[in-house]
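In: can't give you the sequence, but here's the structure:
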């Protein structure tokens, strides 16, 4: 089954308003909007509307958010809801990023509520999973990934899971310059599909896109994207540079 090819750029907490505008304009200048790669720009919340306006009517360019709240409205100072994201044109939202897990102590129960909110407001959740260096060195990485998948996805129907994207981000390879080898990435992506088969069926497992999210860059993207079960990348640091981001897009 042919799956979507996806490159998503997570800017994290970076760029000024003008820098954001310049970065998007430089990306649009280099990348044909008519290629077959789904390109998702995920800027900080304050730039969602302005970046979204730049991407409006650009084929295969989409806007995503870095997080959403578990409720669609209420007295939650400083939070942003899926309803708000939808209202400014967002189509995707990251859920469960390793930095949300580590710094903000978000748990599986939070991710379930957030994904339900996202789906209720027609947003595609990009559910992030991954193991720490300790978990990998102690040979617990498959156990950890299984738990992260099962504990959350079991709360969703087949039709809901079909609307999701999974991003595998080995925590030990984020912002460290370390990268899983293509063999390690393929091994884990194949394993993730096997867990989805056990939870649902092979049809869904073969249909759901799985992105690699651990220091993917212009030098390793082509080898990673050539792997059978790697459908693209969730790009961090390299998405802050238009040339690097575009080279990754061209790596398919």
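Out: Done, it's in. Just so it is clear, the model here is predicted, and its values are computed rather than measured. Residues are numbered from 1 along each chain as shown.
In: any stretches of the stretch 51-200 of the chain with poor pLDDT?
Out: 175-177, 179 (pLDDT under 70).
In: show me the helices in it, by range?
Out: Here the stretch 51-200 of the chain has its helices, by DSSP state H, counting those that start in this stretch, at 82-87, 98-104, 108-120, 133-137, 141-153, 158-161, 182-199.
In: so for residue 168, which of those sits nearest?
Out: helix 182-199 (5.6 Å; C-beta to C-beta). Placement of C-beta: from N, CA and C, glycine included.
In: and the helix or strand just after the closest one, what's buried?
Out: Downstream of helix 182-199, the first helix or strand assigned by DSSP states H and E is helix 202-207. Residues 204, 205, 207 are the ones in helix 202-207 that count as buried (16 or more other C-beta atoms under 10 Å).
In: and which of the residues you listed is nearest to residue 58?
Out: Using C-beta to C-beta, these come closest to residue 58 at residue 207, 25.6 Å.
In: let's have the helices of the stretch 51-200 of the chain in JSON lines, adding distance to residue 8 and mean neighbour count.
Out: Formatted as JSON lines, the helices of the stretch 51-200 of the chain follow (distance: least, C-beta to C-beta, whole Å; neighbours: other C-beta atoms under 10 Å):
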{"stretch": "helix 82-87", "distance to residue 8": "15", "mean neighbour count": "20"}
{"stretch": "helix 98-104", "distance to residue 8": "15", "mean neighbour count": "16"}
{"stretch": "helix 108-120", "distance to residue 8": "15", "mean neighbour count": "20"}
{"stretch": "helix 133-137", "distance to residue 8": "24", "mean neighbour count": "15"}
{"stretch": "helix 141-153", "distance to residue 8": "19", "mean neighbour count": "18"}
{"stretch": "helix 158-161", "distance to residue 8": "19", "mean neighbour count": "14"}
{"stretch": "helix 182-199", "distance to residue 8": "16", "mean neighbour count": "18"}
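In: as TSV, the ones you listed with distance to residue 169 would be great.
Out: Converted to TSV, the helices of the stretch 51-200 of the chain look like this (distance: least, C-beta to C-beta, whole Å):
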stretch	distance to residue 169
helix 82-87	21
helix 98-104	6
helix 108-120	14
helix 133-137	13
helix 141-153	11
helix 158-161	19
helix 182-199	10
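In: among these, which comes closest to residue 14?
Out: Ranking these by distance to residue 14, with C-beta to C-beta as the measure, places helix 98-104 first at 12.8 Å.
In: ok, residue 52 touching residue 90?
Out: Yes. Using C-beta atoms under 8 Å, residue 52 is in contact with residue 90, at 7.4 Å.
In: looking at these two, which is more packed in?
Out: Shown here are residue 52 and residue 90; by other C-beta atoms under 10 Å, residue 90 has more neighbours (27 against 20).
In: please report how far that one lies from residue 68.
Out: Distance of residue 90 to residue 68, computed by C-beta to C-beta, to the nearest Å: 9 Å.
In: spit out the residues that contact these two alike.
Out: With contacts defined as C-beta atoms under 8 Å, 6 or more residues apart in numbering, the residues shared by residue 90 and residue 68 are residue 123.
In: apart from its chain neighbours, what residue comes closest to residue 132?
Out: Spatial nearest neighbour of residue 132, excluding adjacent residues (C-beta to C-beta, 6 or more residues apart in numbering): residue 171 at 4.8 Å.
In: wait, residue 54
Out: Closest to residue 54 by C-beta to C-beta, 6+ apart is residue 24, at 4.8 Å.
In: and that neighbour, how many neighbours?
Out: Neighbours around residue 24, by other C-beta under 10 Å: 25.
In: reformat the buried residues of helix 202-207 as TSV; add pLDDT and distance to residue 3.
Out: Shown next, in TSV, are the buried residues of helix 202-207 (pLDDT from 0 to 100; distance: C-beta to C-beta, whole Å):
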residue	pLDDT	distance to residue 3
204	96	12
205	97	11
207	97	7
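In: ok, back up a step: okay, and the common contacts of residue 52 and residue 90?
Out: With C-beta under 8 Å, 6+ apart as the test, residue 52 and residue 90 both reach residue 63.
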